[in-house]
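S.K.: Pasting a predicted model and its sequence here:
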Amino acid sequence: MRTLARQARLYPELDPHAMEVVDARADLSPVDLALAHAIHDAAVRRFLTLRFLLQACLTQPFDDLEARVRGVLLAGAAQLALLDRVPAHAAINHAVEWAKVVVRPGAGALVNAVLRKVAQLAPEGAPRAAEPQLGAVADGRADLPRDRLPLGDGLWRALAAPLLPEDAAERLAVSTSLPRWLVDRWTARLGAPAARALALHALADPPVVLNTAHAGAPVRGASPHEEHGRAVFEGARHELVALLRSRADVWVQDAASAGAVESIADLRPALVIDLCAGRGTKTRQLAAAFPDARVCATDADERRLNALRSAFEGHGRVSVAGVRATIRANIGKADLVLLDVPCSNSGVLARRPEARYRADAAHLRSLVDVQRQIVADSIPLLAEGGRILYSTCSIEPEENHGMAEWAAKWHGFVPRRERLELPRGLPGGPASHYRDGGYSVLLERG
């Protein structure tokens, strides 16, 4: 609940690493830790949904409450409306006692009154329904209900009454915990059915997808994915960790992400610079796709840079250094520069649920400015005939095709091999069908 109080204070800039502090606690059993993750993840994924339900039970604006009270209300409401692990009375009592101790004695009365009302709105024991089918809602054959909440497993949580907004777009935004701005934007560009499908996709429990395109042997604990060179890992987390430590030829990577490097697999670069390497997923893919190339990886974030150094320590062809050092050492030398730039993450909201709350026009403009600067800063690295592979995990035109047009207009590049993947798969759908969204384009000198 302390973590959710911090998230409430940070909103809309939620911290994707907030639970690392909880994970480090030695006093939590595996069962308690799993429950803490379930509560936190549900509250983050459905922040706007829970805020809507809580606001219906408050006489003052939810956002005006102090962060610690908002945190405990979010934790309690997540258990009451979205989870089945804790009985309603136990969830309410625990929240009330926590508020008395951590906030102040008088806060317990408010928390008790509000959560009891939430429990009435989402009655305990109400059966989870499979109707209407999410696919029918996505393509417009069925309406999004006003008395049910869609869940990540494809079922619906029954409410006591038609509480959700009458306006269809607002109801979609509240039901899927998306900013109305994003729903309206997708609807205007792609149409209502596609917007509904994207919004519902953002609620899905994303599977662990492995890139097995370079695997030298079968992968135990994995089943085939629809896309070639992919597999769905079905084991426990500790089994996945053990697999990744024992196999350098397999890594976690969705098909949409892998498609960027795969789109240029016929090239033969001698020097590749991964300028926004993150934790090194595409760096690993570059090393496998271009076995004769030297790969230089870097990232502006110190935490990710340290993770890169650890991941590639002792690697014969991959070197890791800071951004400035990497640029100074490689001016005019790179045959290929990969720019997996910071973006809105609108193609991976199922995996990055906290990113949805930052979505607005101002944030998008600021990201485009950053992306343009990164492209411009990378140009001096190019050797004669060198290319830039620009990629995002966004589906927004300004960050994708708009960036390719900008690079062509102002820097003389010719866009090649442009690809846009929309997210695919609904909550409860087969893991083998799931795919994130993303974009890539190869920029060549005209």
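M.R.: The structure has been received and is ready for your questions.

S.K.: Could you tell me how far stretch 218-226 lies from the centre of the chain?
M.R.: Computed by C-alpha atoms, centre = their mean, to the nearest Å, the separation of stretch 218-226 from the middle of its chain amounts to 23 Å.

S.K.: swap that for stretch 5-25, please
M.R.: Worked out by C-alpha atoms, centre = their mean, stretch 5-25 lies 15 Å from the chain centre.

S.K.: Report the separation between the two terminal residues of it.
M.R.: Terminal residues of stretch 5-25 are spaced 18 Å apart (C-alpha to C-alpha, to the nearest Å).

S.K.: Could you shift the numbering so residue one becomes 342, and keep it that way?
M.R.: In the new count, where the first residue is 342, that last one comes out as stretch 346-366.

S.K.: Residue 630 versus residue 463, what's the distance?
M.R.: According to C-beta to C-beta, to the nearest Å, residue 463 stands 49 Å off from residue 630. Glycine gets a C-beta too; all of them are placed from N, C-alpha and C.

S.K.: after the worst-scoring helix or strand of the chain on mean pLDDT, next one along is what?
M.R.: Counting by mean pLDDT, DSSP states H and E, the chain has its least confident helix or strand at helix 361-364, which shows a mean of 80. Counting by DSSP states H and E, the next helix or strand C-terminal to helix 361-364 is helix 371-386.

S.K.: For whichever helix or strand comes after that following helix, output the C-alpha coordinates as PDB.
M.R.: Using DSSP H and E, the helix or strand that follows helix 371-386 in sequence is helix 388-396. Extracted in PDB, the C-alpha atoms of helix 388-396 (Å, rounded to 0.1, in the frame of the first residue of the first chain):
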ATOM      1  CA  PHE A 388      -6.000   3.100 -12.300                       C
ATOM      2  CA  LEU A 389      -8.600   5.100 -14.100                       C
ATOM      3  CA  THR A 390     -11.200   2.300 -13.800                       C
ATOM      4  CA  LEU A 391     -10.700   2.200 -10.000                       C
ATOM      5  CA  ARG A 392     -10.700   5.900  -9.700                       C
ATOM      6  CA  PHE A 393     -14.000   6.000 -11.500                       C
ATOM      7  CA  LEU A 394     -15.500   3.500  -9.100                       C
ATOM      8  CA  LEU A 395     -14.000   5.200  -6.000                       C
ATOM      9  CA  GLN A 396     -15.300   8.600  -7.100                       C
END
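
S.K.: quick one, strands of the chain?
M.R.: Assigned by DSSP state E, the chain shows strands spanning 489-491, 497-499, 549-552, 563-565, 571-574, 592-593, 612-615, 635-638, 659-661, 675-681, 723-733, 754-762, 779-786.

S.K.: give me every residue that touches residue 531.
M.R.: Taking C-beta atoms under 8 Å, 6 or more residues apart in numbering, we find residue 531 in contact with residue 539.

S.K.: That one and residue 537: what is the separation?
M.R.: For residue 531 relative to residue 537 (C-beta to C-beta), the value is 10 Å.

S.K.: Check the protein for its longest helix and report it.
M.R.: When the chain is parsed with DSSP state H, its longest helix is helix 702-719.

S.K.: And the strands of the chain: which comes nearest residue 428?
M.R.: Across those, the minimum distance to residue 428, taken as C-beta to C-beta, is reached by strand 497-499, at 15.9 Å.

S.K.: tell me which residues in the closest one are buried?
M.R.: Across strand 497-499, burial judged by 16 or more other C-beta atoms under 10 Å covers 497-499.

S.K.: Return the list of helices and strands in contact with it.
M.R.: strand 489-491 (3 or more C-beta pairs under 8 Å, 6 or more residues apart in numbering; DSSP states H and E).

S.K.: List of residues touching the strand it packs on?
M.R.: 390, 422-423, 463, 470, 475, 478, 485, 497-500, 505, 516-517, 541, 544, 768.

S.K.: how far away is the residue lying closest to residue 780 once chain neighbours are set aside from residue 781?
M.R.: In this structure, residue 780 finds its nearest non-sequential neighbour in residue 741, 4.0 Å apart by C-beta to C-beta, 6 or more residues apart in numbering. For residue 741, the distance to residue 781 (C-beta to C-beta) stands at 9 Å.

S.K.: Now the common contact residues for these two.
M.R.: With C-beta under 8 Å, 6+ apart, residue 741 and residue 781 have common neighbours residue 733.

S.K.: Contacts only, for the residue lying closest to residue 552 once chain neighbours are set aside.
M.R.: In this structure, residue 552 finds its nearest non-sequential neighbour in residue 594, 4.1 Å apart by C-beta to C-beta, 6+ apart. Counting by C-beta under 8 Å, 6+ apart, residue 594 touches 550-552, 622-623, 626.

S.K.: I'd like the domain boundaries of the protein, if you could list them.
M.R.: Following automatic domain parsing, one finds the domains of the chain at 343-462, 475-542, 595-786.
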